[in-house]
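Peer 1: Starting from these lines, generate the structure:
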Amino acid sequence: MTDPRRRHYGVLHGCAPVPAGPLALVWGNCQAEAVRVLLATVPDLPVTPVRIPPVHELTAADLDLLAPLLARTRLLAAQPVRDGYRGLPLGTAEVAAALPAAATVVRWPVVRHPALHPWSAIVRHPSDPAAVPPPVPYHDLRALAAAAGRPAGAPPSAGALAEVGARGVAELARREARDTDVGVADVITSFGTAAAHTLNHPGNPVLHCLAARILDTAGLPATVGDPGRDLLGGIRSPLRRDVLDALGLPGPARGHWLDGDRPVGEDEVLAAQRGWYAAHPAWVRAGVARHADTLEILGL
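Peer 2: The predicted model follows:
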């Protein structure tokens, strides 16, 4: 029996036929597969989008399997990935160098949108870059600050909550201007609560906009279709009333996370993460250093 990974990436592993004609590859993190799904909704697209693993799952053995697909690729839609990522030649520039001369490369951003849950953060430590705290794979800055022994101040003002979101959009715009050919910083706030499910899981409207702009920039303007499901909605951050009011957003609030259909209370998250930090003090130091400005804005 074929193992699930080989079956899921069947074209890469030879378990499914390679489509005829030129190919499109979408290169990047978990957002990349969502963009690929949207590109695949376009009828009569002159390139066929092929499913490949996200870059953080690629192995040295996968590189040999990718070579014949890269030789057929005419569109590479890629997030910025540094050269030598995870000790392999997975950088966007490295992959682009392996493409045919006629191929088009369109760079698009890693989208992060902290506005809807300003306490969410990503913290990495080189000793285990994939480690995340329970019970949701996002650090909560309130638990982080408590673990660092920082006294919590008064609840953040509406202005402070809005500032975290505004800074997030400004940072996205900065990275887009530096690293990419298309972006969404100019429109992301217009989608309101539909802009993101979590800090780094954009909602369908944002992904739809990205897919359309990628095709337009590649000289393949087309109408991107409806995928029929929420592409990155498996985990959803709380939509707190104080945050929605600070952002001037209507709609019902939700004071808990959703992991699939299972509600996960913020108190549960804070308690579990305080215990995790006690066993992982290096992440506390890394998180306080990385998110110092946001901690200050939020009074942590």
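Peer 1: Going by C-alpha atoms from here, please, whenever you check contacts or count neighbours.
Peer 2: Fine.
Peer 1: can you give me the strands for the stretch 1-150 of the chain?
Peer 2: 23-27, 48-50, 73-78, 104-107, 120-121, 139-140 (DSSP state E, counting those that start in this stretch).
Peer 1: In TSV, list the ones you listed along with mean neighbour count.
Peer 2: Below are those laid out as TSV (neighbours: other CA atoms under 10 Å):
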stretch	mean neighbour count
strand 23-27	25
strand 48-50	23
strand 73-78	26
strand 104-107	21
strand 120-121	20
strand 139-140	23
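Peer 1: Kindly state which of these is positioned closest to residue 228.
Peer 2: Closest approach to residue 228 among the strands of the stretch 1-150 of the chain (CA to CA): strand 48-50, 17.6 Å.
Peer 1: outside of that closest one, which residues touch it?
Peer 2: With CA atoms under 8 Å, 6 or more residues apart in numbering as the test, strand 48-50 has contacts from 11, 19, 21-26, 36, 39-40.
Peer 1: about what we covered before: between the strands of the stretch 1-150 of the chain, which one is nearest to residue 86?
Peer 2: Closest to residue 86 of these, according to CA to CA: strand 23-27, at 14.9 Å.
Peer 1: what's the angle from the closest one to strand 73-78?
Peer 2: For strand 23-27 against strand 73-78, the angle by axes from the mean of the first three to the mean of the last three CA atoms, to 10 degrees is 20 degrees.
Peer 1: Dump the C-alpha coordinates for strand 23-27 into CSV.
Peer 2: Listed in CSV are the C-alpha atoms of strand 23-27, where the atom choice follows Å, rounded to 0.1, in the frame of the first residue of the first chain:
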residue,chain,number,x,y,z
LEU,A,23,3.4,23.2,-15.2
ALA,A,24,2.9,25.7,-12.4
LEU,A,25,4.5,25.2,-8.9
VAL,A,26,3.6,27.2,-5.8
TRP,A,27,6.6,27.4,-3.5
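Peer 1: roughly how far is it from the heart of the chain?
Peer 2: Its chain's C-alpha centre and that of strand 23-27 lie 17 Å apart, by CA atoms, centre = their mean, to the nearest Å.
Peer 1: before we move on, back to that, the contacts of strand 48-50 into JSON lines, with extra columns for distance to residue 177 and pLDDT?
Peer 2: Converted to JSON lines, those look like this (distance: CA to CA, whole Å; pLDDT from 0 to 100):
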{"residue": "11", "distance to residue 177": "34", "pLDDT": "84"}
{"residue": "19", "distance to residue 177": "34", "pLDDT": "86"}
{"residue": "21", "distance to residue 177": "33", "pLDDT": "91"}
{"residue": "22", "distance to residue 177": "29", "pLDDT": "96"}
{"residue": "23", "distance to residue 177": "27", "pLDDT": "97"}
{"residue": "24", "distance to residue 177": "24", "pLDDT": "98"}
{"residue": "25", "distance to residue 177": "23", "pLDDT": "98"}
{"residue": "26", "distance to residue 177": "20", "pLDDT": "98"}
{"residue": "36", "distance to residue 177": "23", "pLDDT": "98"}
{"residue": "39", "distance to residue 177": "23", "pLDDT": "98"}
{"residue": "40", "distance to residue 177": "27", "pLDDT": "97"}
